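1. what shape does this take:
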Amino acid sequence: MRFITIASLASVALLAGCSSNPMAKYFAGSPYQCDNGVTVAVRDDGSATMQTGRGSDRLLRDAGGVGPEQKVYSNPQVRFSTGLPPDGRGAELEGMVPNGRARCSTGRLLGF
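-> From the prediction side, this is the model:
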């Protein structure tokens, strides 16, 4: 019985550590995985966070896009457009990223 209690406490401590991941607050939102290895998470506050091999960058909502289903997020180096085919779940990342341009999609589970 004592072993089960210790194992339960260890599990709770492990889960608490996972929920306090410092990157979790930056990647709350809809995740997009790009074909060049970049991950972008669109947040409810009108911003997006881009994670590359060099670190993370914040993108702000832009006035671009065609129609209400397309949203654009940008900073001086990159532009991220959502609401693209297929089924409005596609996206495109262009600018100073690996390969200059990448197709992205949502719907995959990411490790964040």
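
2. use CA for all of it now, contacts and neighbours both
-> Will do.

3. what's the neighbour count on Arg89?
-> Arg89 has 16 neighbours, counted by other CA atoms under 10 Å.

4. point out where the chain drops to low pLDDT.
-> For the chain, the stretches with pLDDT under 70 are 1-29, 107-112.

5. again, only this time at 90
-> 1-30, 36-37, 43-46, 51-55, 62-70, 84-89, 96-100, 106-112 (pLDDT under 90).

6. can you show me the strands along it?
-> Along the chain, counting by DSSP state E, strands occupy 30-34, 39-42, 47-52, 55-62, 71-74, 78-84, 90-95, 101-106.

7. got JSON lines for these, with mean neighbour count too?
-> Formatted as JSON lines, the strands of the chain follow (neighbours: other CA atoms under 10 Å):
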{"stretch": "strand 30-34", "mean neighbour count": "20"}
{"stretch": "strand 39-42", "mean neighbour count": "24"}
{"stretch": "strand 47-52", "mean neighbour count": "20"}
{"stretch": "strand 55-62", "mean neighbour count": "16"}
{"stretch": "strand 71-74", "mean neighbour count": "22"}
{"stretch": "strand 78-84", "mean neighbour count": "21"}
{"stretch": "strand 90-95", "mean neighbour count": "20"}
{"stretch": "strand 101-106", "mean neighbour count": "20"}
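
8. what sits against the residue nearest to Arg58 when sequence neighbours are not counted?
-> Nearest in space to Arg58, with sequence neighbours left out and distances taken as CA to CA, 6 or more residues apart in numbering, is Thr49 at 4.6 Å. By CA atoms under 8 Å, 6 or more residues apart in numbering, the residues touching Thr49 are Tyr26, Phe27, Val40, Ala41, Val42, Arg43, Ser56, Asp57, Arg58, Leu59.

9. what's the closest of these to Ala102?
-> Relative to Ala102, the closest of those is Val40; by CA to CA it sits at 11.6 Å.

10. the residue nearest to that closest one when sequence neighbours are not counted: what's it in contact with?
-> Closest residue in space to Val40, ignoring its immediate chain neighbours: Met50 at 4.3 Å, by CA to CA, 6+ apart. Residues near Met50 by CA under 8 Å, 6+ apart: Val38, Thr39, Val40, Ala41, Ser56, Asp57, Arg58, Leu59.
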